[in-house]
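Asker: task: produce atomic coordinates for the following.
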Amino acid sequence: MCCGLVVIETATACSGNDGSQFPSSNLFAAAGEEIWDNGAACGTQYLVRCISAAAPNSCNPSQTIQVKMVDRAQTSSSRPSRGGTTMVLSTTAFGAIANGSPPSINIEFQQV
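Answerer: Below is the predicted model:
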């Protein structure tokens, strides 16, 4: 499973321009097509952990975060860095589980 960075302004496929959709922690994500499910992913929460990356020492596998789905990756302002991306993480979320700035990481995730 891949994920990358996303920069979401305020308009999203889930809640339009409603700024209250973003958690105060800034731990949010855009859903890839695998989990988008015609918008059913909106508002869902996932536990996410980095399990590997192409760049050595890029993962922090001891760190698990909880993210909220607020957008669709295919239509977000920041598109996935790779095809088949499962979710695109906010800058804060990505930085919490990855070291440095690898272009993508492999994640383990579970809906909560």
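
Asker: what strands line up against the helix or strand hosting residue 48, and which way round?
Answerer: For residue 48, the host element (DSSP states H and E) is strand 45-52. Sheet pairing here is set by DSSP bridges, and for strand 45-52 it gives strand 64-72 (antiparallel), strand 105-111 (antiparallel).

Asker: out of these, which is the most enclosed?
Answerer: Burial of the strands paired with strand 45-52 is given as mean neighbour count (mean count of other C-beta atoms under 10 Å); strand 64-72 ranks first at a mean of 22. All C-beta spots, glycine's among them, are computed from the backbone N, C-alpha and C.

Asker: chain center to that strand, what's the gap?
Answerer: The chain centroid and the centroid of strand 64-72 are separated by 6 Å, computed with C-alpha atoms, centre = their mean, to the nearest Å.

Asker: give the other helices and strands that the next helix or strand after it contacts.
Answerer: Sequence-wise, the next helix or strand beyond strand 64-72 is strand 87-90, with elements assigned using DSSP H and E. If you count contacts as 3 or more C-beta pairs under 8 Å, 6 or more residues apart in numbering; DSSP states H and E, strand 87-90 packs onto strand 2-6, strand 28-31, strand 45-52, strand 64-72.
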